[in-house]
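# with the sequence up front, the predicted model follows.
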Amino acid sequence: LMTVLLQLRERRRTRTALAELLSALRRMGEEIRIARTPLPDLLERAADCGGEAGEFFRAVADSARRGEDVPAVWRVEAACLPLGEEERRALGELGVRFGGDEESLCSAIALACAVLQRHGEEEERRRGMEEKRSAALWGSAGALAVILLI
């Protein structure tokens, strides 16, 4: 039972981080295209999404303000997020594009959003199937317990 609860909590953590990241990245893309916001301000605004994603953006924004290597800090911080390898790789690619032009950065944001969106959708499908299996397993275990008690 404890293992199931820990798995549920970890999945919820991942879903929340994905949703926060997607929201923040989409806003970043819009601000780059429309307002041409400077990178430290852009990252600071993205940090408003809260949670682990907010901490991620805040750490990268702080490093940008200190003049550190933003792509390197971006990759290190992205590795701490509760994401799969493919999602981390897509976020890492986005960090590399910070030194490039607006179009390159916007396309990297769009790609990262697509990867995160696809992963979120796959997780939702898996979650539904797994919940059905868990319900069947717990129902069978309950029936077995009743039989054994009789």
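Thanks, I have it. In this text the structure is predicted, and so the values were computed from the model without any measurement.

# please make it C-alpha for all contacts and neighbour counts, starting now.
OK.

# with adjacent residues omitted, what lies nearest to Leu25?
Nearest residue to Leu25 in three dimensions, chain neighbours excluded: Ile109, at 6.4 Å (CA to CA, 6 or more residues apart in numbering).

# I'd say the one you found and Leu94 touch.
Yes - in this structure, Ile109 sits in contact with Leu94. The criterion is CA atoms under 8 Å, and the distance is 6.2 Å.

# so which helix or strand of this structure has the lowest pLDDT on average?
Counting by mean pLDDT, DSSP states H and E, the weakest-scoring helix or strand in the chain turns out to be helix 102-149, with a mean of 84.

# in stretch 11-28, which residues are buried?
Of the residues in stretch 11-28, those scored as buried under the neighbour-count criterion (16 or more other CA atoms under 10 Å) are 11, 13-22, 24-28.

# what residue is smack in the middle of the chain?
With distances taken as CA atoms, centre = their mean, the residue of the chain nearest its centroid is Leu18 (3.0 Å).

# how near is that one to Ala79?
Here Leu18 is placed at a distance of 14 Å from Ala79 (CA to CA, to the nearest Å).

# now Leu148
If you measure Leu148 against Ala79 using CA to CA, the figure is 48 Å.

# have a look at those two and say which one is more surrounded.
In this comparison of Leu148 against Ala79, neighbours counted by other CA atoms under 10 Å, the higher total goes to Ala79 at 18 against 8.

# which residue packs closest to the more buried one, ignoring adjacent ones?
Once flanking residues are discounted, Ala79 sits nearest to Arg88: 6.3 Å by CA to CA, 6+ apart.

# quick one: contacts for that neighbour?
Neighbour list for Arg88: Ala78, Ala79, Leu81 [criterion: CA atoms under 8 Å, 6 or more residues apart in numbering].

# so which helix or strand takes in it?
Element membership of Arg88, judged by DSSP states H and E, is helix 85-96.

# how about that helix: buried residues?
The neighbour-count criterion (16+ other CA under 10 Å) identifies Glu87, Arg88, Arg89, Ala90, Leu91, Gly92, Glu93, Leu94, Gly95, Val96 as the buried residues of helix 85-96.

# cool, and stretch 67-85?
Neighbour-count burial for stretch 67-85, with 16+ other CA under 10 Å as criterion, is recorded at Val70, Pro71, Val73, Trp74, Arg75, Glu77, Ala78, Ala79, Leu81, Pro82, Leu83.
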